Structures are given as C-alpha cells and as structure tokens.
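Novice: quick one, fold the following:
(chains A, B, C and D)
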There are 2 protein chains.
Amino acid sequence: MSSDFIEPGQPIHKIYLIYSGWAFRYRLLRDGRKQIINFALPGDYLGVSFSQSDGMRFGATAVTDLEVGIVSYASFTRAFGERPDLAIQAASVIEREAILVEEALVAVGKLTARQRIAWLIVDICRRWRDAVASEDGLQDFPFTQNHIADALGLSLVHVNKSLRALKLVGLIKIEGGKIRPVDEARLMRFSEGQHV
Amino acid sequence: MSSDFIEPGQPIHKIYLIYSGWAFRYRLLRDGRKQIINFALPGDYLGVSFSQSDGMRFGATAVTDLEVGIVSYASFTRAFGERPDLAIQAASVIEREAILVEEALVAVGKLTARQRIAWLIVDICRRWRDAVASEDGLQDFPFTQNHIADALGLSLVHVNKSLRALKLVGLIKIEGGKIRPVDEARLMRFSEGQHV
DNA sequence: CGGCAGTTTGAATATTATCAAGGGATGTGG
DNA sequence: CCACATCCCTTGATAATATTCAAACTGCCG
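Specialist: Numbers count the residues shown, from 1 in each chain, chains lettered A, B, ... in the order given. Model (predicted):
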C-alpha cells in the first residue's frame, strides 16, 4: 500500500495537476533507498516532459489524499500542434521545478542537517503561501520525519535529533506531531548560516 | 581573474552554446561558498530560461578556454513568435539539464564520497562520449579537486583522500595530474553500490 | 629564483550514520 | 472490548564518515 501514482520505469501516459493534497517525486537507488527529488503541492504538475524515454525516471507518491487533474500524454503532445504557445507554458513548468531541485542540491550539498531542515520548512511554507495564498500560513506540515530524511540526505534518527534541537532553541514548534515554524524569517536566516 | 562569463545577479541578456571547452554553473551561498550545479561541455547551453526574474540565479565559470555561440535574450524571445516549435527545443534543453541536476541530487544525497566521485567521473565520460562521439573516450578530465569538492558537497581534503583510495583499488588512474577511469563499467557499478 | 595554483599528508575534531530498544497512537480482527 | 500489528516518533550508545587545521610538496610560469 505505497500510494504511488507514478511508478518508476512505467511508460509515460499521464500528466497530473494537483488540485489539493501533497505528494512527492522520488528516484529509487538499486539498493531500494529512495531520494525524494521534490515535494509537490496544489498547483504543481507531475510528469510534464518533452523527452522520449523508455519510462518514467521517477516515481510519485501521495502523502495525503489527493485531488488531481489528469491529461493523457497523447493529448498533451497533440496540443502543441494546435497551440504552440502552450509549449512555453510547459517549459516554464519544467523550469520552475528545475529551480527547486537546484536549490535542494545546494541545501543538501552545503548545509548542516539543521540548516537543511530549516531550509525545507521555509521552502514549503513559502510555496504554500504562493500557491494557496492563505494568509494564515501553512496549517499542517504534512510530512513524516522519514520523508524529511529521504529528501535531505539524512538518516531518520538524525532528522529526529535535529528537529528536537531546532525546537529547543525556539526555531520551530511541534504540536500534535505537526511541525510549525515559530518565526519564518528567523528560520530562513538560520538556514542561510547567519546567526539567529 | 575568476573567468566568470555569467555573474550571479546580473540581468539576463545572453544565451551561450558551448562549441568547445568546459565550464560549470554554480550558485553562491551568502558566506561565499559555492555549489556547482552542473558541468557543461560542448553542445551544452547556458542561460536558457523562460521565467522572468531580476537576474541570473546562477553564475557560470570557464574551466578551460572556451568557444561559444551567443544569442541575445531578446532575439531568443522574439524567435518564438516566428517559430513556436523552437519552444519545444528550448524546453528539451531545460529538461535535459534538469535531469542532470536531479541525478546530482541523488548522488550528493545518498552516496558515499567515493561513490559520488565515481558517479561524477562516469557521468562526465558518458556525456563527453554522447556529445563529442570520440571513440577514444575522454582524454582530459579537466577539473581540479576543488571543482569536484564544490560539485559533490565534499571538502577538498576528503576529495583528495577519496581519489587516492579509488586509485589504490584500481578504479581510476591519475596520470600527469589527470584523472582517468580504468574500467568505466566497473566504476559505474561501484557508484551504484554493487561490489566491484 | 620566487610565487602561485593545485595536490598531498597527518592529526585532531565534528558531524552523521547505524544499531538497538522502547513508547504512543491508531486501526483491525477475533 | 481486547489482543495484536503497524506506523511514527524518541533516545542512548557506538561506529563510521567527513571536516578542519596545519604543513609541506609539486609543477609551472614570469
């Protein structure tokens, strides 16, 4: 019961647009470990691609219940014949996602465990605000510590200890199992290595 | 004398196509460290983008002497009016690069230092072969250990020690300061965590 | 020759992973 | 309703991995 809706290696046939809920895109290693490439929230697309390949290079898993729009890959491709400007839209989608992945690479490559976690929380909150425009900010941080570990290149145990440390210094709260930033600006500065 | 030809933060005005030579794309952290996002070799584009932004999100540095083709961003944008199919080409360029970055994220997130280095060498060799089609394979691995460190999220010292370890077990050679794979298939298996 | 960029090494330290175990909440079948 | 399983979180101890610091060596070039 892995709630995958895209399986790595499967032929490409659909593009998904998330209406509500959370998901993530991941790649599998040969030994079964997974690296989460990015998290997807309402407004994000999954599966947009111009390159023919044997099958999906990644998998996608639902984290919560999900409402999605689905476009068959065939009609996606066909659409460019009639409305070539759509290609630019699609390219923008790919590019936006690529920028996210680049930022994840910087975080995983250069930041400490605590900074990475801070970065992820801030990034999720910012994207939630941009996409859903709730002035309240993010109500529920929907990921488990295991998700965080798989996304940030850390072990589950170390994620847990780092979260407690962040909580201890007052950068985050954990209420009812849910992570919340206390002061997002401060958390962001911390993730950028400035003293808090 | 940093040989940057794209400066982070500068307004976008040009797209580069590399004819010959090596370069890399990087992001700066606030404390001055840099994360190399990807290496670029002949046939690779730098600066292709559909999203308006205040300035380049990354910098690009020449590693060797470089021959490049340059297209102004204005004419790049204009071209889509006349030849909308070009948008698909450009999107493919962005997507291909995004795939590289995803693979780097997996390597940095999940592999040991030695495996990361092996992965990078194999990746560079493969792309060289695909782009330049020299049956000889890569003559010169053009990067310094510092470049490798900045690309893989490792310290210079650790890169050095890992390289010697790879040399010791016969996975690579270092001749005249140049790194070369001994057996690329074996190196690839090693980077994937299978016993060599 | 002197300087510079790149590489190499050892020692001490810090960060992170692994192993092992247990706790709390939730759900399901008997 | 209880017994059991499962998933997620938590903690401590130990080991592996990587960083930092300091120093020195190399080849090359002006």
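
Novice: next one: the lowest-mean-pLDDT helix or strand in chain A, is it in contact with chain B?
Specialist: Within chain A, no helix or strand scores below helix A:73-82, which has a mean of 85 by mean pLDDT, DSSP states H and E. Yes - residues of helix A:73-82 contacting chain B under CB under 8 Å from any CB of the partner chain: residue A:80. In this view, the C-beta of every residue, glycine as well, is placed from N, C-alpha and C.

Novice: for stretch A:38-51, same thing?
Specialist: Yes - on the criterion CB under 8 Å from any CB, stretch A:38-51 is in touch with chain B at A:49, A:50, A:51.

Novice: buried stuff in that stretch?
Specialist: For stretch A:38-51, a neighbour-count test (16 or more other CB atoms under 10 Å in any protein chain shown) marks A:38, A:39, A:40, A:41, A:42, A:44, A:45, A:46, A:47, A:48, A:49, A:50 as buried.

Novice: distance to residue A:99 and pLDDT added to those residues, as a markdown table?
Specialist: Converted to a markdown table, the buried residues of stretch A:38-51 look like this (distance: CB to CB, whole Å; pLDDT from 0 to 100):
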| residue | distance to residue A:99 | pLDDT |
| --- | --- | --- |
| A:38 | 10 | 97 |
| A:39 | 14 | 98 |
| A:40 | 14 | 97 |
| A:41 | 15 | 95 |
| A:42 | 19 | 94 |
| A:44 | 13 | 97 |
| A:45 | 14 | 97 |
| A:46 | 16 | 96 |
| A:47 | 18 | 93 |
| A:48 | 14 | 93 |
| A:49 | 17 | 91 |
| A:50 | 17 | 87 |
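
Novice: looking at those, spot the one nearest chain B.
Specialist: residue A:50 (4.7 Å; CB to the nearest CB).

Novice: what about the closest one, distance to residue A:89?
Specialist: Remark: distance between residue A:50 and residue A:89 (CB to CB, to the nearest Å) = 12 Å.

Novice: how is chain A divided into domains?
Specialist: A:1-108, A:111-196 (automatic domain parsing).

Novice: relative to residue B:149, how far out is residue A:114?
Specialist: Distance from residue A:114 to residue B:149, by CB to CB: 22 Å.

Novice: figure out which of the domains of chain A is closest to DNA strand C.
Specialist: DNA strand C lies closest, by CB to the nearest atom of the strand, to one member of these: domain A:111-196, at 3.0 Å.

Novice: compare neighbour counts for residue A:114 and residue B:149 and give me the winner.
Specialist: residue B:149 (22 against 19; other CB atoms under 10 Å in any protein chain shown).

Novice: pretty sure the more buried one contacts residue B:161?
Specialist: No - with contact defined as CB atoms under 8 Å, residue B:149 does not reach residue B:161; the gap is 11.4 Å.

Novice: residue A:102: neighbouring residues, count only.
Specialist: With other CB under 10 Å as criterion, residue A:102 counts 23.

Novice: give me the contact list for stretch A:92-104.
Specialist: Stretch A:92-104 is contacted from outside by A:37-38, A:44-45, A:48-50, A:119, A:123, A:151, B:27, B:37, B:49-51, B:57-58, B:91, B:94-95, B:97-98, B:101-102, B:105, using CB atoms under 8 Å, 6 or more residues apart in numbering or on different chains.

Novice: between the domains of chain A, which gets nearest to residue B:14?
Specialist: Nearest of the domains of chain A to residue B:14, taken as CB to CB: domain A:1-108 at 17.3 Å.

Novice: check which helix or strand the spatially most central residue of chain A maps to.
Specialist: The residue lying closest to the centre of chain A (CA atoms, centre = their mean) is residue A:39, at 1.2 Å. Element membership for residue A:39, per DSSP states H and E: strand A:34-40.

Novice: about what we covered before: the least confident helix or strand of chain A packs against which elements?
Specialist: strand A:14-20, helix A:85-110 (3 or more CB pairs under 8 Å, 6 or more residues apart in numbering or on different chains; DSSP states H and E).

Novice: so which of these is the most packed in?
Specialist: Mean neighbour count, computed with mean count of other CB atoms under 10 Å in any protein chain shown, is highest for helix A:85-110 among the helices and strands packed on helix A:73-82, reaching a mean of 20.

Novice: so it, near DNA strand C or not?
Specialist: No - residues of helix A:85-110 are not located near DNA strand C by CB under 7 Å from any atom of the strand, the shortest gap being 10.0 Å.

Novice: between helix B:85-110 and that helix, find me the angle.
Specialist: 20 degrees (axes from the mean of the first three to the mean of the last three CA atoms, to 10 degrees).

Novice: now do helix A:85-110 and strand B:34-40, the angle between them.
Specialist: 130 degrees.

Novice: show me what from chain A comes close to DNA strand C.
Specialist: A:112, A:113, A:114, A:153, A:154, A:155, A:156, A:157, A:158, A:162.

Novice: got the contact list for residue A:70?
Specialist: A:14, A:15, A:16, A:17.

Novice: what mean pLDDT does stretch A:162-169 have?
Specialist: Regarding stretch A:162-169, the rounded mean pLDDT is 96.

Novice: quick one: that stretch to chain centroid distance?
Specialist: Relative to its chain's centre, stretch A:162-169 lies at 22 Å (CA atoms, centre = their mean, to the nearest Å).

Novice: hmm, it touching chain B?
Specialist: No - Stretch A:162-169 does not reach chain B (CB under 8 Å from any CB); its nearest approach is 15.5 Å.

Novice: before we move on, the earlier item: which stretch among the helices and strands packed on helix A:73-82 comes nearest DNA strand D?
Specialist: Closest of the helices and strands packed on helix A:73-82 to DNA strand D is helix A:85-110, at 9.0 Å (criterion: CB to the nearest atom of the strand).
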